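**Student:** 3D, please:
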Amino acid sequence: MVAKKKRSKNASTKSSKRQPSGIGLLSKALRVFLVLVVVGVFAGGAAFWFTQNALVEPLDVPLDGLRIDVESGSNLSRVVHELASQDVVRYPRLVLAYARVKKLGHIHPGEYLIPAGSNAMDLVARMNRGDVTRYRLTIVEGWTFAQALDLVRGSNKIKPTESAATVAAAAQALGIEGNPEGLIFPDTYIYRSGTTDLDLLRQAHQRMNRVLAEEWEKRASDLPYDRAYDALIMASIVEKETGVPWERDEIAGVFVRRLNKGMRLQTDPTVIYGMGENYAGNLRRADLREATPYNTYVIKGMPPTPIALPGREAIHAALHPKEGQSLYFVAKGDGSHKFSETLTEHNRAVRQYQLKRRSDYRSSPADVKQN
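**Tutor:** Numbers count the residues shown, from 1 in each chain. From the prediction side, this is the model:
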């Protein structure tokens with residue numbers, strides 16, 4: 001009996017070893033699960049730490065920044081992989097994945113300046129916003145269309161085209177019949193790399209049309225102009241006669257009164273414009289007698305086109321001439337003018353300011369200050 005009990009006990013022991021209880025199995029599974037969770041947490045944390053550091057670490061760019069050109073039709077993947085080939089971006093796939101998650105995959109063409117210290121997130125956001133480098137170009141009041149065209153076509157980052165290779169070609173491309181003189185607005189324009197010369201000229205032409213229409217709408221009454229273009233011609237003459245702001249409406253008043261009285265305008269800038277390349281810097285008496293469509297010493301009324309690019313102030317003055325009696329003016333040599341009502345007064349002023357010129361005589365009003 002005793003022997004049988006021992007065998008039964010041993011059998012029971014062996015049986016318990018071969019068949020672990022349900023609690024033991026659950027405990028072991030829980031331990032494995034906890035280990036996996038811990039490993040997962042550490043792995044996820046490591047991955048998150050790596051991702052964050054990879055995205056925020058500074059790109060390898062020079063201290064003065066890196067300029068990159070994104071061509072029209074390009075995409076973020078192409079740009080990022082190109083930068084990776086230059087060792088600027090270390091983890092291109094990670095950068096592209098970040099852009100997909102943040103929905104920043106769309107980029108704008110143009111030239112970008114990537115400052116030193118920028119990271120991959122900065123790069124993606126900058127191209128997604130279209131923060132391209134912009135340049136400035138100033139077309140000066142009183143310049144001719146030809147001078148403005150030379151500036152535009154020779155400017156940094158502007159793309160010259162055959163459509164604007166000459167004044168005549170540019171006029172045709174802009175839809176202007178004949179001489180385009182005066183029909184682009186002198187101002188400072190902001191443009192991006194790749195802008196064409198025709199793009200900028202078209203912008204300047206449209207701006208002139210808007211400004212002229214606005215000023216024409218608010219014009220004074222009883223003006224000797226049949227159309228806004230006539231006012232533009234007068235404004236160009238005013239622009240060339242003086243750059244002194246407080247004289248523009250007074251000079252416009254002189255010319256308007258002369259037109260109303262049937263007098264010739266007799267203004268030198270129109271003669272010079274009509275001479276073209278024949279003008280050598282000195283206007284002679286013979287030049288004043290030479291008949292051209294622009295010689296207002298010979299023709300009656302105004303020349304057929306503007307003679308320069310007038311600014312808004314000159315256009316406003318032409319449409320709001322100052323009232324008065326003066327019919328003449330002469331340069332005083334300091335940039336301003338002496339106005340006279342009679343020819344006798346005018347001749348006296350000519351003798352004073354022209355025939356006996358001061359040693360520091362100048363016609364430019366650049367440094368003149370109003371009293």
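**Student:** okay, and for this structure, where does confidence drop off?
**Tutor:** 1-53, 243, 356-371 (pLDDT under 70).
**Student:** what about the helices in it?
**Tutor:** Using DSSP state H, the helices found in the chain span residues 2-18, 22-56, 76-85, 92-102, 120-129, 145-153, 167-173, 197-217, 228-241, 248-260, 268-275, 285-289, 312-319, 343-350.
**Student:** please convert those to TSV, extending it with distance to Ile190 and mean neighbour count.
**Tutor:** Heads up, the C-betas are built off the backbone N, CA and C, glycines and all. Putting the helices of the chain into TSV (distance: least, Cβ to Cβ, whole Å; neighbours: other Cβ atoms under 10 Å) gives the following:
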stretch	distance to Ile190	mean neighbour count
helix 2-18	86	9
helix 22-56	32	11
helix 76-85	24	17
helix 92-102	28	16
helix 120-129	16	19
helix 145-153	13	19
helix 167-173	20	18
helix 197-217	10	18
helix 228-241	23	24
helix 248-260	27	21
helix 268-275	30	21
helix 285-289	41	12
helix 312-319	18	25
helix 343-350	44	14
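**Student:** give me every residue that touches the nearest residue to Ser326 once chain neighbours are set aside.
**Tutor:** Distances taken as Cβ to Cβ, 6 or more residues apart in numbering put Phe339 closest to Ser326, at 4.1 Å, once the chain neighbours are dropped. When contacts are counted by Cβ atoms under 8 Å, 6 or more residues apart in numbering, Phe339 is found next to 250, 254, 324, 326, 328-329.
**Student:** can you tell me which of those residues lies nearest to Val80?
**Tutor:** Nearest to Val80 out of those is Glu250 (Cβ to Cβ; 62.1 Å).
**Student:** how much space between the closest residue to that closest one other than its chain neighbours and Thr296?
**Tutor:** Excluding its sequence neighbours, the residue lying closest to Glu250 (Cβ to Cβ, 6+ apart) is Lys322, at 4.6 Å. Using Cβ to Cβ, to the nearest Å, one gets 20 Å for the distance from Lys322 to Thr296.
**Student:** neighbour count winner among the two?
**Tutor:** Higher neighbour count among Lys322 and Thr296: Thr296, with 25 against 18, using other Cβ atoms under 10 Å.
**Student:** give me the domain ranges for this structure.
**Tutor:** Domains of the chain are assigned by automatic domain parsing as 66-129, 134-213, 222-324.
**Student:** for the residue nearest to Ser326, give the beta-bridge partners.
**Tutor:** Phe329 (DSSP bridges).
**Student:** wait, what's in contact with the spatially closest residue to Ser155 that is not a sequence neighbour?
**Tutor:** Spatial nearest neighbour of Ser155, chain neighbours left out: Leu137 (5.3 Å); criterion: Cβ to Cβ, 6+ apart. Applying Cβ under 8 Å, 6+ apart, we find Leu137 in contact with 151-152, 155, 158, 188-189, 191, 200.
**Student:** which one of the residues you listed is nearest Arg129?
**Tutor:** Among these, and counting by Cβ to Cβ, the member closest to Arg129 is Tyr191, at 18.0 Å.
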